[in-house]
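Visitor: Just to be clear, the model below is a prediction. Sequence and coordinates:
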Amino acid sequence: METVTLSDLGPILAAVLGPMLLFVVASMRYQHVDSTKTRRLIVEASEKTRHDSRELVDGARKENRELIKQNRDLIEKARTENRELIESINNKTREEMRTLVTRNHDLIMRNHDLIMKNSERLSDVRERLARIEGHLRISPPPEHESDNGDDAARAA
């Protein structure tokens, strides 16, 4: 067998390792360029997202402020309307109460007058009955025992 020296293997190694080395270097360069592009796109997307999100947040804040103002206005309007309704109801109720008190007072006074007239008639009727009984010589009925409370206690 013949011995092969390193100088004889040089062209063979260069023919095999050269393209491999060239491929590895080209692959590394491609990955570097690709990662640079990706990094740039990520930065751009991040900036755009921040800008868009700021605009959305600012827009949402403005809308919220407007809605809060509208809500406050509506609440104040409802509060004012409620106060007016309560006042009108209270005024009507007061007027109705005054009217009812006046009517009740009038009824009480009429009933009082009727009772007074009837009591005068009743006393006249009692006097007449007493005269008739006296004329007929009828004695007054005996008083019941229940007047002193003994019968009421027994009945209970």
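Guide: The structure has been received and is ready for your questions.
Visitor: what about the helices in this structure?
Guide: Assigned by DSSP state H, the chain shows helices spanning 6-136, 150-155.
Visitor: Mean pLDDT lowest where, among those helices?
Guide: Per-stretch mean pLDDT for the helices of the chain is lowest at helix 150-155 (a mean of 51).
Visitor: can you redo the helices of the chain as a markdown table with mean neighbour count and distance to Pro142?
Guide: Just so you know, the C-beta spots here come from the backbone N, C-alpha and C atoms, and that holds for glycine as well. Output for these, formatted as a markdown table (neighbours: other Cβ atoms under 10 Å; distance: least, Cβ to Cβ, whole Å):
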| stretch | mean neighbour count | distance to Pro142 |
| --- | --- | --- |
| helix 6-136 | 10 | 14 |
| helix 150-155 | 10 | 14 |
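Visitor: Nearest to Glu143 among those would be which one?
Guide: helix 150-155 (11.8 Å; Cβ to Cβ).
Visitor: Quick one: closest of the helices of the chain to His144.
Guide: With Cβ to Cβ as the criterion, His144 lies closest to helix 150-155 of the helices of the chain, at 7.5 Å.
Visitor: Turn the helices of the chain into CSV, columns for distance to His144.
Guide: As requested, these are arranged in CSV below (distance: least, Cβ to Cβ, whole Å):
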stretch, distance to His144
helix 6-136, 19
helix 150-155, 7
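Visitor: any idea how far Met28 is from Arg94?
Guide: According to Cβ to Cβ, to the nearest Å, Met28 stands 96 Å off from Arg94.
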